[in-house]
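generate a structure from the sequence data that follows.
(chains A and B)
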2 protein chains.
Amino acid sequence: MEIQNSQLEKFKELHREAIKFTSLDPLQRGGILSKEARKILDEWADGYSVCDYCGGSLDRIKNPPIEEFVHEILPKFLGTDIARLTNGAREGKFLIMHAIGREDDYVVMDQNAHYSSYVAAERARLKVKFVPNSGEPEYKINADDYAKVIEEVKNETGNFPALALLTYPDGSYGNLPDAKAVGKICNEYKVPFLLNGAYSVGRMEINASDFNADFIVGSGHKSMAASGPIGVLGAGKAYEEILFRKSEKYKIKEIEQLGCTARGLPVITLMASFPHVYERVKHYDEEVKKARYFSEKMGNLGINQLGEKPHEHDLMFFESQKLFEISQKHKRGRFFLYDELKKRGIIGIKPGLTKNFKLSTYLLSEEEIKKIVDAFGEIVNLNL
Amino acid sequence: MEIQNSQLEKFKELHREAIKFTSLDPLQRGGILSKEARKILDEWADGYSVCDYCGGSLDRIKNPPIEEFVHEILPKFLGTDIARLTNGAREGKFLIMHAIGREDDYVVMDQNAHYSSYVAAERARLKVKFVPNSGEPEYKINADDYAKVIEEVKNETGNFPALALLTYPDGSYGNLPDAKAVGKICNEYKVPFLLNGAYSVGRMEINASDFNADFIVGSGHKSMAASGPIGVLGAGKAYEEILFRKSEKYKIKEIEQLGCTARGLPVITLMASFPHVYERVKHYDEEVKKARYFSEKMGNLGINQLGEKPHEHDLMFFESQKLFEISQKHKRGRFFLYDELKKRGIIGIKPGLTKNFKLSTYLLSEEEIKKIVDAFGEIVNLNL
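You can find the predicted model right below:
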């Protein structure tokens, strides 16, 4: 069918307004490119650019050095025997669930799990049972509850769950549960254990072997300064044949990867940013310090951080009766907070939220943190 | 585990040698970015850049205008009722197979199908039966054979296949089979029909409704001047609920898409290049003319094009006894052709191939075509 030229015009000038603002969006703070990645965009942006010298397996390409990155560096970084690239953390979770689960098997996961963990289980035709959090104000996951829920599944179905998943940290509260204890329990029950590190891998030092995790997934665009979509997956050697079984007809093609995954700029930016990422994870204590400072200052304004306190992560959830009350009287209603922040050069809190919202202070400078605290201070004291 | 700084150094300077050469790689010729896409790379390259104003569904984002692109423009372009973005053509094929097939169902596909069609079926735990090609020299797919193979599946299993797939054109010979006739047969048997347009969507005008195709997939990085990985999927309205069923718990999230797919630069470059792509498909006859000219000149050198003749596509397969014989005597053996072409500024034929190889002349200028023909002429006449 004919498409009018007038409808196409807008696609010729797709500019990103948001780039001029300071963003607090937890989704985005860890995905800002390193300068090393940014400077080579133009060279590698064409379609299948990384496939110039491909012999048929993405993870075996030597130029650019994807093979070394995937098979030497990533396993060290993740603390696993083997690693692969995926199209994202969610695609990694689905891959694992699909490969090790059979229809109607159970996955046990924390109640704070990202929606995509649940949806990945649905796609893999698995059932989900949640390990509940502790509710307000901290929403903590208690490791021992994994044993209870694993037992429940066993009692109800006669089988142990196919997988246990823990979100470390979760994307709502930024809580860091006791992954080591969960790993120990899973090991005792011989339930394979998957750590979702979409908000930790690339931000903080994290080593799957410390937690006895059989699998770990991370997100390039969320936390590894890479252009999306890309993720990483680490696993124990024992699972190599199960996760990365080869095609019967095409002997070098991995079935669960559909042959190849991150074929293009995402893998180049992931690799180009890696030296920067490897360095930054060593300084995560500074990010925690900043987050705690920010949490305290917000608390002084009557905007209270929920989730674990003292907090151990840059992703924080806030609650404010005060901002909610202002929204009740403000002519822009519940959109006032978004508007007022934007006026002050700040975005990243979802439009319409006032009473509860999450944000991240990751890699913000001290001046930026001060600017944001000041902005909230002015907004809280708006004279209506 | 500690990673040595010396091992990280190389990742700080990832330059693309191949960019200086004229590439004949069929994988890459259609994925070279338009100038409109190239100029906005820097603005959109950060991680989850397109999610600045996301309300929870990638395909409903209004700024940038993804919603309009996916729900208005793509269906018109593909000739389908509905459309979505995927992480690539292969991911689209897997999505369809996984959603409509049940374990051990059959997929019928042409023998020229891309390996990823087969691997997608394996991943979806479906069985494959091939519709054979005609063998040397044309390797044609005969539409009527779809009826035979569909009947075979019915006779052997008691059920009709879950899906029939046709590759249009295939990625080995660049043959364009009679998709309309295959569509008619599939419709008569009520077997859902998927057209793999990875090498057609974005290169030539193609409309799924002309072929009675229930589904069509295309590749952004292969043929739509987009940065990878990204694909498009079109389908008939009747399949919307099956393919894009929503999560039970997260009501706006599509299960088979794991919520979101091409979250980042790939969708921006796909959209930014679209006006250019929409224009270029109207001039595909010029590409066919170029391909035929090239095929003829190569034939004069004793390098013969196999596959359909006269050819209707820019992707061509060649056979040359002569180049093979030279490789038998050359000190670089079977790598001589790669070396000799590279010396002349040309890459894209797999290192080590001499007797059989494929290439594409897509969007090459007349001078480039002449340069390539001359290069082959010199190489064929090498004095050893």
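
what parts of the stretch 101-250 of chain A come near chain B?
Neighbours of chain B within the stretch 101-250 of chain A, by CB under 8 Å from any CB of the partner chain: A:103, A:115-116, A:118-120, A:122-123, A:207, A:220-222, A:225-229, A:247-250. For every residue, glycine as well, the C-beta is placed using N, CA and C.

nearest to chain B: which residue in the stretch 251-384 of chain A?
residue A:264 (2.9 Å; CB to the nearest CB).

just give the number of residues close to that residue.
30 (other CB atoms under 10 Å in any protein chain shown).

chain center to stretch A:219-234: distance?
With CA atoms, centre = their mean, to the nearest Å as the basis, stretch A:219-234 stands 8 Å off its chain's centre.

and if you look at stretch A:26-33?
10 Å.

follow-up on the earlier one: mind listing what the residue of the stretch 251-384 of chain A closest to chain B touches?
Contacts for residue A:264 (CB atoms under 8 Å, 6 or more residues apart in numbering or on different chains) come out as A:44, A:47-50, B:221, B:227-229, B:266.

which pLDDT value goes with residue A:364?
At residue A:364, the pLDDT value in this model is 98.

please disregard the earlier target; I meant residue A:384.
66.

before we move on, the earlier item: ok, and the closest non-adjacent residue to the residue of the stretch 251-384 of chain A closest to chain B?
Nearest residue to residue A:264, sequence neighbours excluded (CB to CB, 6 or more residues apart in numbering or on different chains): residue B:228, at 2.9 Å.

now that neighbour: how far from residue B:373?
30 Å (CB to CB, to the nearest Å).

contacting residues for the residue positioned nearest the centre of chain A?
Nearest to the geometric centre of chain A sits residue A:198, at 2.6 Å (CA atoms, centre = their mean). Contacts for residue A:198 were tallied using CB under 8 Å, 6+ apart; they are A:89, A:114, A:167, A:171, A:217-219, A:222-223, A:231.

helix or strand: which one has it?
Using DSSP states H and E, residue A:198 is not contained in any helix or strand.

give me the contacts around the helix or strand containing residue A:122.
Using DSSP H and E, residue A:122 maps to helix A:115-123. With contacts defined as CB under 8 Å, 6+ apart, helix A:115-123 is touched by A:89-90, A:93-94, A:97-98, A:107, A:109, A:127-128, A:165, A:167, A:196, B:98, B:247-250, B:253, B:255-256, B:258-259.

then stretch A:58-72?
A:50-55, A:82-85, A:257, A:259-263, A:267-268, A:270-271, A:274, B:7, B:10-11, B:14, B:16-17.

hmm, back to that, can I get the CA coordinates of the helix holding residue A:122 in CSV?
Extracted C-alpha coordinates of helix A:115-123, given in CSV (Å, rounded to 0.1, in the frame of the first residue of the first chain):
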residue,chain,number,x,y,z
TYR,A,115,8.4,-8.7,34.9
SER,A,116,10.5,-10.2,32.1
SER,A,117,11.5,-13.1,34.4
TYR,A,118,7.9,-14.0,34.8
VAL,A,119,7.1,-13.4,31.1
ALA,A,120,10.2,-15.6,30.1
ALA,A,121,8.7,-18.4,32.2
GLU,A,122,5.3,-17.9,30.5
ARG,A,123,7.0,-18.1,27.1
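
and after it, which helix or strand comes next?
Heading C-terminal from helix A:115-123 (DSSP H and E), you reach strand A:127-131.

hmm, who's touching that next one?
With CB under 8 Å, 6+ apart, strand A:127-131 has contacts from A:104-111, A:113, A:118, A:121-122, A:141-142, A:145-146, A:148-149, A:152-153, A:161.

next one: stretch A:269-282
A:33-37, A:40-41, A:64-66, A:69, A:73, A:77, A:85, A:202-206, A:220, A:224-227, A:230, A:232, A:262, A:363, B:3, B:5, B:8-9, B:11-12, B:14, B:45.

now list the buried members of those residues.
Burial by neighbour count, judged by 16 or more other CB atoms under 10 Å in any protein chain shown, picks out A:33-34, A:36-37, A:40-41, A:64-66, A:69, A:73, A:77, A:85, A:202-204, A:206, A:220, A:224-227, A:230, A:232, A:262, A:363, B:8, B:11-12, B:14, B:45 from those.

follow-up on the earlier one: tell me which of the contacts of stretch A:58-72 fall in strands.
The strands, defined by DSSP state E, take in A:82-85 from the contacts of stretch A:58-72.

quick check, nearest of these to chain B?
residue A:85 (10.6 Å).

can you give me the pLDDT of the nearest residue to the closest one once chain neighbours are set aside?
Nearest non-adjacent residue to residue A:85, counting by CB to CB, 6+ apart: residue A:262, 4.5 Å away. pLDDT, residue A:262: 90.

gap between residue A:108 and residue A:120?
14 Å.

of those two, who's got more company?
residue A:120 (31 against 28).

next up, phi/psi of residue A:39, please.
When read as degrees, to the nearest 10, the backbone of residue A:39 gives phi -70, psi -10.

with residue A:89 instead?
The phi/psi pair for residue A:89 (degrees, to the nearest 10) is phi -60, psi -40.

check residue A:174 too.
According to degrees, to the nearest 10, residue A:174 has phi 70, psi 30.

dump the residue contacts of it.
So residue A:174 contacts A:26, A:199, A:291, A:307-308, A:311-317, A:358, A:360 (CB under 8 Å, 6+ apart).

can you list these in CSV and add pLDDT and neighbour count?
Formatted as CSV, the contacts of residue A:174 follow (pLDDT from 0 to 100; neighbours: other CB atoms under 10 Å in any protein chain shown):
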residue, pLDDT, neighbour count
A:26, 97, 24
A:199, 98, 29
A:291, 98, 25
A:307, 98, 26
A:308, 98, 19
A:311, 98, 22
A:312, 98, 18
A:313, 98, 26
A:314, 98, 25
A:315, 98, 26
A:316, 98, 26
A:317, 98, 22
A:358, 98, 23
A:360, 98, 26
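
turn those residues into a markdown table, including distance to residue B:187 and secondary structure.
Formatted as a markdown table, the contacts of residue A:174 follow (distance: CB to CB, whole Å; DSSP: H, G, I helix; E, B strand; the rest coil):
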| residue | distance to residue B:187 | secondary structure |
| --- | --- | --- |
| A:26 | 48 | helix |
| A:199 | 48 | coil |
| A:291 | 59 | helix |
| A:307 | 56 | coil |
| A:308 | 59 | coil |
| A:311 | 60 | coil |
| A:312 | 59 | coil |
| A:313 | 55 | coil |
| A:314 | 55 | coil |
| A:315 | 51 | strand |
| A:316 | 56 | strand |
| A:317 | 53 | strand |
| A:358 | 50 | strand |
| A:360 | 52 | strand |
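
ok, so of those residues, who is nearest residue B:381?
residue A:199 (61.4 Å; CB to CB).

gap between the residue nearest to that closest one when sequence neighbours are not counted and residue B:263?
Ranked by CB to CB, 6+ apart and with sequence neighbours excluded, the top spatial neighbour of residue A:199 is residue A:169, at 5.4 Å. Separation of residue A:169 from residue B:263 (CB to CB): 20 Å.

what's the distance between the residue nearest to residue A:235 when sequence neighbours are not counted and residue B:28?
Distances taken as CB to CB, 6+ apart place residue A:215 nearest to residue A:235, at 5.0 Å, with adjacent residues excluded. Taking CB to CB as the criterion, residue A:215 is separated from residue B:28 by 33 Å.

same question for residue A:51.
Distance from residue A:51 to residue B:28, by CB to CB: 7 Å.

and residue A:248, by the same measure?
For residue A:248, the distance to residue B:28 - CB to CB - is 29 Å.

likewise for residue A:313?
Applying CB to CB to residue A:313 and residue B:28 gives a distance of 41 Å.
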